[in-house]
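Asks: any chance you can model this:
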Amino acid sequence: MEVHQVTKNGILAVIAALALPTLSMAQDDMIVTGPHQGAVTGNISGSFTSVSGSDSSTFSVFGSYFFSDVFEGLAGLTYVRVSGSDSTGFALGGNYYFMRNMSDPKMHPYLGVRWVRFDSGGGDADGFAGALGLHYFIRPNISFTPELQIGDLDNESFTTLGFGLTMWFR
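Replies: All right, here's what the predicted structure looks like:
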């Protein structure tokens, strides 16, 4: 029985010894330190606003691709609930990253534009917005992402401060 246990532990040790360098290289390959050409991201974000008894909340899921070190294109889905009424939307946008040589390499600020089309069942709504945000890395490939959007949705002005998490891939 002891020989069987030793052999089993020995096989596990050999497998672990062979697997560790591979896993280590895979982990090194997953470390992303910020915007760079070819990077791909996934983002979840949301916001909540209560003004004069009118509540609104949003939840968004986005994916993006970096066409260069400073230009990012993105697309995603947004769910909005305003005073008990639900809408879903499709959004497209882009970001420009600036101040690349900052003293804090974990922080990557950007300016962006957004276009969204909502379907609320009774009708559609289109909107454009400007965005100011940043990625602050809390892990090697995860960033905390606050974003301020100021825009217009079917001739109604809006301002939203959202918060999210972004996962970075190569």
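Asks: element containing the residue nearest to the spatial centre of the chain, please.
Replies: Nearest residue to the geometric centre of the chain (Cα atoms, centre = their mean): residue 43, 2.1 Å. Residue 43 is part of strand 40-51 when elements are defined by DSSP states H and E.
Asks: mind listing the strands that strand pairs with, and their directions?
Replies: Strand 40-51 pairs in its sheet with strand 54-66 (antiparallel), strand 156-169 (antiparallel), by DSSP bridges.
Asks: now do that strand: distance to the chain's middle.
Replies: Centre-to-centre, strand 40-51 and its host chain are 9 Å apart (Cα atoms, centre = their mean, to the nearest Å).
Asks: residues making contact with it?
Replies: With Cβ atoms under 8 Å, 6 or more residues apart in numbering as the test, strand 40-51 has contacts from 55-66, 72, 74, 76, 145, 147, 160-170. For the C-beta atoms, the positions are set from N, CA and C on the backbone; glycine is no exception.
Asks: what stretches of the chain score poorly on pLDDT?
Replies: Residue ranges of the chain with pLDDT under 70: 1-33, 50-53, 100-102, 121.
Asks: what about the helices in it?
Replies: 2-30 (DSSP state H).
Asks: on that earlier part again, tabulate the strands paired with strand 40-51 (TSV), appending mean neighbour count and distance to residue 136.
Replies: Converted to TSV, the strands paired with strand 40-51 look like this (neighbours: other Cβ atoms under 10 Å; distance: least, Cβ to Cβ, whole Å):
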stretch	mean neighbour count	distance to residue 136
strand 54-66	16	17
strand 156-169	15	10
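Asks: using CSV, lay out these together with distance to residue 128.
Replies: Converted to CSV, the strands paired with strand 40-51 look like this (distance: least, Cβ to Cβ, whole Å):
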stretch, distance to residue 128
strand 54-66, 16
strand 156-169, 11
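Asks: of all the ones you listed, which one is nearest residue 104?
Replies: Closest approach to residue 104 among the strands paired with strand 40-51 is made by strand 156-169 (16.9 Å; Cβ to Cβ).
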